[in-house]
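Student: whatever this is, show me its structure:
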Amino acid sequence: MSDSESQPMETPRLGVVLVTVSSQAEGEAIARSLVERNLAACVSLMPIQSIYRWQGALCNDAEWQLVIKTNLAQGEVLVQAIQALHSYDLPEIIALPIVAGSSAYLSWVAETVSTPPSS
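Tutor: Numbering: from 1, shown residues only. Now for the predicted structure:
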């Protein structure tokens with residue numbers, strides 16, 4: 001057996017990245033940019049209500065939650081892309097690993113985020 005056959009294939013570190021934004025339009029703009037740049041296979045958006053403390057004040061705001069399906073190995077590029085488009089001074093950007101799921105879906109995510117965008 002050759003060395004390449006005896007080594008397990010490296011699997012991508014797939015995960016979801018959670019980001020909140022101030023509006024549906026902002027969320028759609030960020031989602032579209034990430035998918036077009038192959039930094040995300042899919043981004044789901046949903047309206048949420050957030051209660052949090054910011055600069056000493058208790059806040060209660062309507063926001064939009066982005067659930068970004070991606071390869072976490074692209075984390076730094078993804079974070080930079082989000083920050084460049086985001087309106088908040090301190091955007092929520094939280095990455096969570098995917099520990100299990102449909103193998104067909106996870107393969108699609110892995111292939112999508114590793115394929116360069118078409119011209």
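Student: which residue is nearest the centroid of the chain?
Tutor: Ile68 (3.0 Å; C-alpha atoms, centre = their mean).
Student: I'd like to know which elements the strand or helix carrying it is packed against.
Tutor: Assessed by DSSP states H and E, Ile68 sits inside strand 57-71. When contacts are defined as 3 or more C-beta pairs under 8 Å, 6 or more residues apart in numbering; DSSP states H and E, strand 57-71 packs onto strand 14-21, helix 24-36, strand 42-54, helix 103-114. C-beta here means a position set from N, CA and C on the backbone, and glycine is covered the same way.
Student: again, only this time at 10 Å
Tutor: Contacts defined by 3 or more C-beta pairs under 10 Å, 6 or more residues apart in numbering; DSSP states H and E place strand 57-71 against strand 14-21, helix 24-36, strand 42-54, helix 75-85, strand 94-97, helix 103-114.
Student: coming back round to it: now for the residue lying closest to the residue nearest to the centre of the chain once chain neighbours are set aside: which residues touch it?
Tutor: Spatial nearest neighbour of Ile68, chain neighbours left out: Val17 (4.1 Å); criterion: C-beta to C-beta, 6 or more residues apart in numbering. When contacts are counted by C-beta atoms under 10 Å, 6 or more residues apart in numbering, Val17 touches 34, 39-40, 43, 66-70, 72, 74-75, 78-79, 82, 92-96.
Student: just the buried subset of those, please.
Tutor: Buried members of the contacts of Val17, scored by 16 or more other C-beta atoms under 10 Å, are 34, 39-40, 43, 66-70, 72, 74-75, 78-79, 82, 92-93.
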